[in-house]
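*Asks:* what's the 3D shape of this:
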Amino acid sequence: MDHIMHLTAYYHPIMKTILSEILKERTHC
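*Replies:* Residues are numbered from 1 along each chain as shown. Here you go, the predicted model:
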């Protein structure tokens, strides 16, 4: 379980960055 939590903590900022990029593109259009 610990390593799964570690992976989530590692990928969370990446997912937030991807989501923000998608939102930027949507607002750009």
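
*Asks:* kindly indicate whether residue 22 is helix, strand or coil.
*Replies:* Taking DSSP: H, G, I helix; E, B strand; the rest coil as the rule, one finds residue 22 in the helix state.

*Asks:* and residue 15, how many neighbours?
*Replies:* 10 (other C-beta atoms under 10 Å). All C-beta atoms are positioned from the backbone trio N, CA, C, and that covers glycine.

*Asks:* other SSEs contacting the helix or strand harbouring residue 10?
*Replies:* When secondary structure is defined by DSSP states H and E, residue 10 falls within helix 2-28. Packing partners of helix 2-28 (3 or more C-beta pairs under 8 Å, 6 or more residues apart in numbering; DSSP states H and E): none among the helices and strands.

*Asks:* may I see the buried residues of it?
*Replies:* Neighbour counts over helix 2-28 (16 or more other C-beta atoms under 10 Å) mark no residue as buried.

*Asks:* give me the pLDDT for the residue sitting nearest the centre point of the chain.
*Replies:* Geometric centre of the chain, nearest residue: residue 15, 1.0 Å, by C-alpha atoms, centre = their mean. As predicted, residue 15 sits at a pLDDT of 89.

*Asks:* relative to residue 9, how far out is it?
*Replies:* Going from residue 15 to residue 9 by C-beta to C-beta, to the nearest Å gives 11 Å.

*Asks:* likewise for residue 27?
*Replies:* Residue 27 sits 28 Å away from residue 9, going by C-beta to C-beta.

*Asks:* could you do residue 19 as well?
*Replies:* 16 Å.

*Asks:* before we move on, what about residue 3?
*Replies:* 11 Å.

*Asks:* again with residue 23
*Replies:* Residue 23 sits 22 Å away from residue 9 when distances are taken as C-beta to C-beta.
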